[in-house]
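In: sharing a model prediction with you, sequence too.
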Amino acid sequence: MSKVLVAFFSATGVTAKVAIELAKAENADLFEIKAAKPYTKEDLDYTVKTSRCNVEMADESCRPEIDGKVLNMDEYDTIFVGYPVWWGREPSIIDTFLDSYDLSAKKIIPFCTSAASPVGQGVEHIRKVVADKAEVVDGKRLGAEGTEEEVKLWTELLGL
């Protein structure tokens, strides 16, 4: 039986709500990806060119430091990676998370929360970050509500 992890970054709490529903639906462990220096409201103000989120997203090599670590990553076969969509893809802190572990032979399943942005560009970028180390499946955009029923339907389609 494979062990499943739901790892997520949530700047405002929306992605956290969906990640919790997903972890319940999959009977998975839950890990919140937290920035070592927490994001403030000002950091997240995308209308200010010099805000932290704009600076980080402008540099693809940016890897914001994470507070905490999954200590038993080798036990997981499947890792759901959740995030809000920033600039059409995953926030840079997700790349930090992915770069922090040996993901060999693991299945990565991205999911994002957004009112309208698709998951596609984030999935392609995640594939680039993990290179050939892991299988990255197409993933899904889930609405802010991310109901348990919606999550269960999706995971049933994945065949997990």
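Out: That came through fine. It should be emphasised that the depicted structure is a prediction, and the values quoted were computed from it without experimental measurement. Residues are numbered from 1 along each chain as shown.
In: who's in contact with the worst-scoring helix or strand of the chain on mean pLDDT?
Out: Across the helices and strands of the chain, mean pLDDT, DSSP states H and E gives its lowest value to helix 148-158, namely a mean of 81. With CB atoms under 8 Å, 6 or more residues apart in numbering as the test, helix 148-158 has contacts from 18, 21-22, 24-26, 109, 137, 140, 142-143. C-beta: built from backbone N, CA, C; applies to glycine.
In: tell me the least confident of those residues?
Out: When the contacts of helix 148-158 are sorted by pLDDT, the bottom entry is residue 143 at 75.
In: these two touch, right, that residue and residue 113?
Out: Yes: counting by CB atoms under 8 Å, residue 143 does reach residue 113; the two are 7.3 Å apart.
In: ok so, going back, reformat the contacts of helix 148-158 as JSON lines; add neighbour count, distance to residue 46 and secondary structure.
Out: Formatted as JSON lines, the contacts of helix 148-158 follow (neighbours: other CB atoms under 10 Å; distance: CB to CB, whole Å; DSSP: H, G, I helix; E, B strand; the rest coil):
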{"residue": "18", "neighbour count": "25", "distance to residue 46": "21", "secondary structure": "helix"}
{"residue": "21", "neighbour count": "20", "distance to residue 46": "26", "secondary structure": "helix"}
{"residue": "22", "neighbour count": "26", "distance to residue 46": "26", "secondary structure": "helix"}
{"residue": "24", "neighbour count": "14", "distance to residue 46": "31", "secondary structure": "helix"}
{"residue": "25", "neighbour count": "19", "distance to residue 46": "31", "secondary structure": "helix"}
{"residue": "26", "neighbour count": "19", "distance to residue 46": "32", "secondary structure": "helix"}
{"residue": "109", "neighbour count": "24", "distance to residue 46": "27", "secondary structure": "strand"}
{"residue": "137", "neighbour count": "15", "distance to residue 46": "28", "secondary structure": "coil"}
{"residue": "140", "neighbour count": "19", "distance to residue 46": "24", "secondary structure": "strand"}
{"residue": "142", "neighbour count": "24", "distance to residue 46": "21", "secondary structure": "strand"}
{"residue": "143", "neighbour count": "13", "distance to residue 46": "20", "secondary structure": "coil"}
